[in-house]
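A.B. asks: pasting the sequence and the predicted model now:
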Amino acid sequence: MPAKLWLAMTLTIVLLFGLLFGILAAIGYFFELRGYVIVLLAIILVVVQWYVSPYIIKWTTNMQELKKEEDPWIFKTVENLCKKTKTPMPKIAIANVGSPNAFVFGRTPSSATLVLTRGLLKNLSKEEVEAVIAHEIGHINHKDMVVMTVVGAIPVLAYFVARFLIFAPSREDRRNAGAAILVGFFAFIIYIISNLLVLLLSRLREFYADRFSGENTRPRTLANALAKITYGLSVSRDNETNSAVRPFFIADPLTATKEVGKFSKEYEDLRLEESEVKKAMEWEEKNPLLRLLELTSTHPLTFKRIKALLEMEKSLKL
């Protein structure tokens, strides 16, 4: 992984946990709790979110587990990539969704599930599907599901602390109401900042997974797949999207529509020429509203990911 990317992710995680300990310190100050009680509360919250998340995704996504005999090529592709990268073999499921996309979820790398949509298998070539699968295996290899579940609990904790402290009933044995409101106000600020940091970390890890795919397939193949996926999402009539799985997709279904909606008629057949992709990338790069939108997105803008992959291809001299 490039040093800049590693440093950015490390600093983001440090800042997030710094904010978490700030929240816990505020709770301890207000309620005069012992340190171990506060830490225990934080651990319980993270564990509950980690344990429950896979159930929520299964309940809210139209998916069926794929049997090996139903599609031997997919299983062989996943097995080869996992063996090559020393990654645990995930379960494989197919989501009955027309828009092209893919994601992984699970409590640990060894219990992960890889989900491919019908639209992905229908509209992309086998080489492009392989590149997408490699991207998702990269998330498993990097333990992204665990990392994002843990850090994702921090803004939630900040939000509930803020709500409780601001509306907490005053009692003589606690700090005064003014202090409670002040702590709650800062907790709301921490909630906003920590949420933005979690989104930043999510975008950085997408770049990391893209690079993993480029190293194990071909960077340009994933770049082509990303173009089709993003543009396909914006024009698909079967764009069924559940907010619970948005952060897991290889491309964010909601921001994709805003990114390329202007060109949707040109890309309706998903047969993209290089000039069409270049035009969309230039439009994205020059659009200040999309840059602002990216701050609240789980994924980087597509043109940034494609540029990074093409630069990687040049560096690898492919």
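C.D. replies: It's in.
A.B. asks: okay, buried residues for the helix or strand hosting K76 please.
C.D. replies: Taking DSSP states H and E as the criterion, K76 maps to helix 72-85. Across helix 72-85, burial judged by 16 or more other CB atoms under 10 Å covers I74, F75, T77, V78, L81, C82. To be clear about C-beta, it is placed using only N, CA and C from the backbone, and glycine gets the same treatment.
A.B. asks: the stretch 51-200 of the chain: helices as residue ranges?
C.D. replies: Along the stretch 51-200 of the chain, counting by DSSP state H, counting those that start in this stretch, helices occupy 72-85, 118-123, 126-141, 144-166, 177-216.
A.B. asks: ranking these by burial, who's on top?
C.D. replies: helix 126-141 (a mean of 24; mean count of other CB atoms under 10 Å).
A.B. asks: dump the helices of the stretch 51-200 of the chain to CSV, plus mean pLDDT and distance to R107.
C.D. replies: Below are the helices of the stretch 51-200 of the chain laid out as CSV (pLDDT from 0 to 100; distance: least, CB to CB, whole Å):
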stretch, mean pLDDT, distance to R107
helix 72-85, 97, 18
helix 118-123, 90, 24
helix 126-141, 96, 12
helix 144-166, 71, 7
helix 177-216, 81, 17
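A.B. asks: with adjacent residues omitted, what lies nearest to V277?
C.D. replies: Leaving aside its sequence neighbours, V277 sits nearest to A227 (CB to CB, 6 or more residues apart in numbering; 4.9 Å).
A.B. asks: from what I can see that neighbour touches K307, true?
C.D. replies: No. The pair A227 / K307 is not scored as a contact, 11.8 Å apart, by CB atoms under 8 Å.
A.B. asks: compare the two (neighbour count), which wins?
C.D. replies: A227 (25 against 15; other CB atoms under 10 Å).
A.B. asks: which helix or strand contains the more buried one?
C.D. replies: helix 219-235.
A.B. asks: coming back round to it: and the helix holding K76, what does it pack against?
C.D. replies: strand 91-95, helix 126-141, helix 177-216 (3 or more CB pairs under 8 Å, 6 or more residues apart in numbering; DSSP states H and E).
A.B. asks: now tabulate the ones you listed in JSON lines and tack on distance to F103.
C.D. replies: Putting the helices and strands packed on helix 72-85 into JSON lines (distance: least, CB to CB, whole Å) gives the following:
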{"stretch": "strand 91-95", "distance to F103": "9"}
{"stretch": "helix 126-141", "distance to F103": "7"}
{"stretch": "helix 177-216", "distance to F103": "11"}
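A.B. asks: and of those, who's closest to M281?
C.D. replies: helix 177-216 (15.1 Å; CB to CB).
A.B. asks: just the angle for that closest one relative to helix 72-85, thanks.
C.D. replies: Interaxial angle, helix 177-216 versus helix 72-85 (axes from the mean of the first three to the mean of the last three CA atoms, to 10 degrees): 100 degrees.
A.B. asks: distance check, the nearest residue to H135 once chain neighbours are set aside against T113.
C.D. replies: Spatial nearest neighbour of H135, chain neighbours left out: S213 (4.1 Å); criterion: CB to CB, 6+ apart. For S213, the distance to T113 (CB to CB, to the nearest Å) stands at 18 Å.
A.B. asks: quick one: which of the buried residues of helix 72-85 is nearest L289?
C.D. replies: Of these, the one sitting nearest to L289 (CB to CB) turns out to be L81, at 37.1 Å.
A.B. asks: circling back to that earlier point, adding distance to K286, write the helices of the stretch 51-200 of the chain out as JSON lines.
C.D. replies: Output for the helices of the stretch 51-200 of the chain, formatted as JSON lines (distance: least, CB to CB, whole Å):
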{"stretch": "helix 72-85", "distance to K286": "36"}
{"stretch": "helix 118-123", "distance to K286": "28"}
{"stretch": "helix 126-141", "distance to K286": "27"}
{"stretch": "helix 144-166", "distance to K286": "31"}
{"stretch": "helix 177-216", "distance to K286": "20"}
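A.B. asks: so P88 sits against G106, correct?
C.D. replies: No. Counting by CB under 8 Å, P88 stays clear of G106, with 9.5 Å between them.
A.B. asks: between those two, who's got more neighbours?
C.D. replies: G106 (21 against 14).
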